[in-house]
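Enquirer: Here is the input, now give the coordinates:
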Amino acid sequence: GGGPAPVPAAHSSAMAFCRARRHGCTTDVRDMYLATKDAVNGLTGAELHRKLVELNLLPSNLEVERKRLKRQAGTEDGKPKKRRYYTRKNQKITNLHLEGTAIGATLARAAERQSQGKSVGDGGM
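Expert: So this is what the prediction gives:
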């Protein structure tokens with residue numbers, strides 16, 4: 001066939017924008033594409049879908065276009081939205097889950113010393 005000589009993949013300017021991948025088709029598929037590309041070129045997605053269904057190349061119950069994914073609020077920068085923790089009013093905070101552990105024993109000794117009026121810890125410094 002006539003036409004311009006193919007450009008080697010190593011020298012193609014498209015290589016700067018995509019990963020190299022081996023591809024190709026048989027000459028009969030290429031000829032079919034070249035024969036039909038002008039008839040398909042100006043069609044919208046819906047028109048192309050209708051034409052493919054008419055020619056029994058697509059099932060009629062297939063969606064015309066995929067639904068777009070909804071953007072989630074708070075993810076504009078690509079990071080997941082931070083969870084906000086709420087504290088209930090008059091919520092009593094306890095260390096009951098530490099009972100029976102080494103930390104629980106240390107806290108119990110400190111509470112006992114504090115109840116005797118002795119100083120405990122470094123004052124939070």
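Enquirer: what's the average pLDDT for the strand or helix carrying residue 109?
Expert: In the assignment (DSSP states H and E), residue 109 maps to helix 102-115. Here helix 102-115 scores 89 as its mean pLDDT.
Enquirer: Identify each buried residue in that helix, please.
Expert: For helix 102-115, burial by neighbour count (16 or more other C-beta atoms under 10 Å) applies to no residue. Any C-beta I mention is one placed from the backbone N, CA and C, and that applies to glycine too.
Enquirer: Just checking the distance from it to the centre of its chain.
Expert: How far helix 102-115 lies from its chain's middle: 48 Å, per C-alpha atoms, centre = their mean, to the nearest Å.
Enquirer: Stretch 32-39 too?
Expert: 36 Å.
Enquirer: Show me the contact partners of it.
Expert: By C-beta atoms under 8 Å, 6 or more residues apart in numbering, the surrounding residues in contact with stretch 32-39 are residue 25.
Enquirer: hey, where'd the helices end up in the chain?
Expert: All helices of the chain, identified by DSSP state H, fall at 27-41, 45-54, 102-115.
Enquirer: Make CSV out of those helices and add distance to residue 69.
Expert: Below are these laid out as CSV (distance: least, C-beta to C-beta, whole Å):
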stretch, distance to residue 69
helix 27-41, 27
helix 45-54, 18
helix 102-115, 46
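Enquirer: closest to residue 95 out of these?
Expert: Closest to residue 95 of the helices of the chain is helix 102-115 (C-beta to C-beta; 5.8 Å).
Enquirer: give me the low-pLDDT residue ranges for the protein?
Expert: Along the chain, segments meeting pLDDT under 70 span 1-23, 64-67, 71-76, 78, 123-125.
Enquirer: Mind doing that once more with 90?
Expert: 1-99, 104, 107-108, 110-111, 113-114, 117-125 (pLDDT under 90).
Enquirer: Could you check how many residues crowd around the residue lying closest to residue 59 once chain neighbours are set aside?
Expert: Computed as C-beta to C-beta, 6 or more residues apart in numbering, the closest residue to residue 59 that is not its neighbour in sequence is residue 53, at 7.6 Å. Around residue 53 there are 15 other residues, counting by other C-beta atoms under 10 Å.
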